[in-house]
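> with the input below, show me the fold.
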Amino acid sequence: MTQLSNNKRIAKNTFYLYIRMIVIMLVQLYTSRVILQTLGVEDYGIYNIVAATVVSLSFITGPLSAATQRFLNFELGKKNNQRIKDIFSTSLLVYVLLSIIIIAIAETLGLWFLNSKMEIPTNRLHAANWVFQCSILTFVINILNIPFNSAIIAYEKMSFFAYVSIFEAIARLGSVFVLLFYRGDKLILYSILIVCVTLSVTTIYKIYCNKHLQDIKINFIKDKCLLKQLLSFSGWSLFGSIASMSADQGLNLLLNLFWGVTVNAAMGISAQVSAAINQFVTNFQTAFRPQLIKSYAEKNMAYLHNLICQSCKFSFLLLYIIICPILFNLDFILHLWLGNNVPEHTTNFCSLMLIYALIESLSAPLWITVQATGQIKTYQICISSLIFANIIFSYFFLKSGFTPETVLIIKTCMATTYLALRLYFMKRMIQLKLKTFFKKTLAPILAISSIYIISTFTLQMQKADSTMQFVITSFGIILFNGALTYTIALTKREKRNIFSTITQSQRK
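Okay, the predicted model is just below:
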């Protein structure tokens, strides 16, 4: 009963996160268009380049958030209320100290770089400095919001998380409309309004935590051991984040050196497509993360093993059903989106990036479970070494005259190596049987993928060259893969759970 209840909670949380994603994507697309028209090309460019110098530091917030969520979820699983208070307060102290360091660096080196090295029109330098200061303040507020945000996700309050995120997106859009009635410097006002929106969101999170999460309180404690654990976990997570970011930038640099900026444009487009599609599975992974960590903390290994297999399978299937029609009609989609300005290699790059995303979707529950154990030092060293190996292999192949696609073929092949290594860590850390993982996860995935590929080549389906054909083929592929998934990939118990959830929702 508990397992069924947890699965329903994951499904409900996923639903809220999907609604959040759809609304935010639509609002952001419209906001980008309106702000460009309102600020103008020059001011819009200034805002993006100046704010980017601060936002570039955002790669540190992911590991920090993951660390806070891991420790909170772990203690929630153990039902250790006092420890939850200590973790929250200690993490907040860490972020306050980090904010002070960031402000010190930004107000010295950052200001010097802005005013001495960046190419900004002299008459807009004053406005650029306002943008810079507001961007620093926004970034610091976001850092201080991490413990509150992490607590809400750890407690699985996804509906509230979704509502606040939607409010933030709409408030940002409202800030743009305010500019339409302002006669002064719109760039400065917009920067100030973004600070106000960010501060409002953080305040809402804080009020909610104080009112509804009784263990999320600020206490002044001196637990050096806990502080050391938080810093160690965050440090090794940050090491992995830096490795991934460096590898991506390194591959872009290699492509630039050997093939020029046109190939970089194709890579940039493929990265945008991959990032957009990945949002669909990222929401699901956010929903099941707390349950993975709590079940490990409770030492409920049977449930943990089953949840890992289910999470990996459903992560893949959610992405697979979306990606298949995109891959089949990729040329049409790219030309519909970009017109006749599709750079060479873009189709191949997008295809390989989407296949890479599919393989990586299997890995998310595995590395989240590694984080749950807290034993991430050896794991991060091994994975990061393989990530850096991407650059080395790519360099030698490109130097030997291979095509640009080789870089992403190597990256995709390495993704299978990451998966194998993570499974090894699962076997060593939580005694997950590889035979069980293959039977419950890999076998049904390989079966439906093989049937779809063979059917596509056998039937020789015509790719879309019109909007109507695109809709028909996409709908047909989704129905076909949906039927395969239901027939082959789902167990009888999973089918019963789906029917039970649908029936209950209809009654309500």
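> distance of residue 16 from residue 10?
Residue 16 sits 11 Å away from residue 10, taking Cβ to Cβ, to the nearest Å as the criterion. Placement of C-beta: from N, CA and C, glycine included.
> neighbours of residue 463, how many?
Using other Cβ atoms under 10 Å, residue 463 is surrounded by 12 other residues.
> kindly report the same for residue 276.
10.
> and for residue 392?
Each residue near residue 392 was counted by other Cβ under 10 Å, and the total is 11.
> element containing it?
helix 377-399 (DSSP states H and E).
> quick check: closest non-adjacent residue to residue 17.
Closest residue to residue 17 apart from its sequence neighbours, by Cβ to Cβ, 6 or more residues apart in numbering: residue 283 at 3.6 Å.
> just residue 124 next, same as before
Using Cβ to Cβ, 6+ apart, the nearest residue to residue 124 is residue 46, at 5.8 Å.
> check that neighbour and give its pLDDT.
With respect to pLDDT, residue 46 scores 78.
> any idea how far it is from residue 128?
Counting by Cβ to Cβ, the gap from residue 46 to residue 128 is 5 Å.
> what sits in contact with each of the two?
Counting by Cβ atoms under 8 Å, 6 or more residues apart in numbering, the contacts common to residue 46 and residue 128 are residue 120.
> quick one on the thing from earlier: what about residue 16 and residue 10, which has more around it?
With neighbours defined as other Cβ under 10 Å, residue 16 and residue 10 compare such that residue 10 has more, 22 against 19.
> contacting residues around that one?
By Cβ under 8 Å, 6+ apart, the contact list for residue 10 reads 287, 288, 291.
> surely the last one meets residue 310?
No: when contacts are counted by Cβ atoms under 8 Å, residue 291 is not listed as touching residue 310 (10.3 Å).
> okay, these two: which has more neighbours?
Per other Cβ under 10 Å, whichever of residue 291 and residue 310 has more neighbours is residue 291, with 23 against 18.
> so where do the helices sit in the stretch 401-508 of the chain?
Using DSSP state H, counting those that start in this stretch, the helices of the stretch 401-508 of the chain run over 405-430, 434-437, 443-459, 467-484, 492-507.
> dump these to TSV, plus mean pLDDT, distance to residue 259 and mean neighbour count.
Converted to TSV, the helices of the stretch 401-508 of the chain look like this (pLDDT from 0 to 100; distance: least, Cβ to Cβ, whole Å; neighbours: other Cβ atoms under 10 Å):
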stretch	mean pLDDT	distance to residue 259	mean neighbour count
helix 405-430	94	10	18
helix 434-437	93	39	14
helix 443-459	87	30	14
helix 467-484	88	30	15
helix 492-507	67	46	11
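> mind putting the ones you listed into a markdown table with distance to residue 90?
Converted to a markdown table, these look like this (distance: least, Cβ to Cβ, whole Å):
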| stretch | distance to residue 90 |
| --- | --- |
| helix 405-430 | 25 |
| helix 434-437 | 35 |
| helix 443-459 | 41 |
| helix 467-484 | 46 |
| helix 492-507 | 38 |
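> got the CA positions of stretch 141-150 in PDB?
The C-alpha coordinates for stretch 141-150 follow below in PDB (Å, rounded to 0.1, in the frame of the first residue of the first chain):
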ATOM      1  CA  ILE A 141      19.000  36.300  -3.700                       C
ATOM      2  CA  ASN A 142      18.600  33.100  -5.800                       C
ATOM      3  CA  ILE A 143      21.500  31.500  -3.900                       C
ATOM      4  CA  LEU A 144      19.900  32.400  -0.500                       C
ATOM      5  CA  ASN A 145      16.700  30.900  -1.900                       C
ATOM      6  CA  ILE A 146      18.300  27.500  -2.500                       C
ATOM      7  CA  PRO A 147      17.600  26.100   1.000                       C
ATOM      8  CA  PHE A 148      13.900  27.100   0.900                       C
ATOM      9  CA  ASN A 149      13.500  25.800  -2.700                       C
ATOM     10  CA  SER A 150      15.300  22.600  -1.800                       C
END
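> how about the nearest residue to residue 303, chain neighbours excluded?
Counting by Cβ to Cβ, 6+ apart, residue 295 is the residue found nearest to residue 303 once chain neighbours are left out, at 5.1 Å.
> number of nearby residues for that neighbour?
Residue 295: 24 neighbours (other Cβ under 10 Å).
> surely it touches residue 307?
Yes: judged on Cβ under 8 Å, residue 295 makes contact with residue 307 at a distance of 6.1 Å.
> coming back round to it: mean confidence for the helix or strand the residue nearest to residue 17 falls within?
Using DSSP H and E, residue 283 maps to helix 261-297. Helix 261-297 shows a mean pLDDT of 83.
> check which residues of that helix are buried.
Buried residues in helix 261-297, counting neighbours by 16 or more other Cβ atoms under 10 Å, are found at 263-267, 269-270, 273-274, 277-278, 280-297.
> for that helix, name the packing helices and strands.
Contacts defined by 3 or more Cβ pairs under 8 Å, 6 or more residues apart in numbering; DSSP states H and E place helix 261-297 against helix 2-39, helix 61-78, helix 125-154, helix 224-259, helix 301-328, helix 346-361, helix 364-373.
> would you format the ones you listed as JSON lines with distance to residue 488 included?
What follows is the helices and strands packed on helix 261-297, written out as JSON lines (distance: least, Cβ to Cβ, whole Å):
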{"stretch": "helix 2-39", "distance to residue 488": "20"}
{"stretch": "helix 61-78", "distance to residue 488": "33"}
{"stretch": "helix 125-154", "distance to residue 488": "33"}
{"stretch": "helix 224-259", "distance to residue 488": "33"}
{"stretch": "helix 301-328", "distance to residue 488": "11"}
{"stretch": "helix 346-361", "distance to residue 488": "17"}
{"stretch": "helix 364-373", "distance to residue 488": "21"}
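> got phi/psi on residue 490?
Note on residue 490: its backbone torsions stand at phi -90, psi 140 [degrees, to the nearest 10].
> okay, now the unreliable bits of the chain?
Along the chain, segments meeting pLDDT under 70 span 1-7, 29, 32, 52-59, 221-222, 459-462, 464, 498-508.
> measure the spatially most central residue of it to residue 39 for me?
Centroid-nearest residue in the chain, with Cα atoms, centre = their mean: residue 282, separated by 5.4 Å. Applying Cβ to Cβ, the value for residue 282 to residue 39 is 30 Å.
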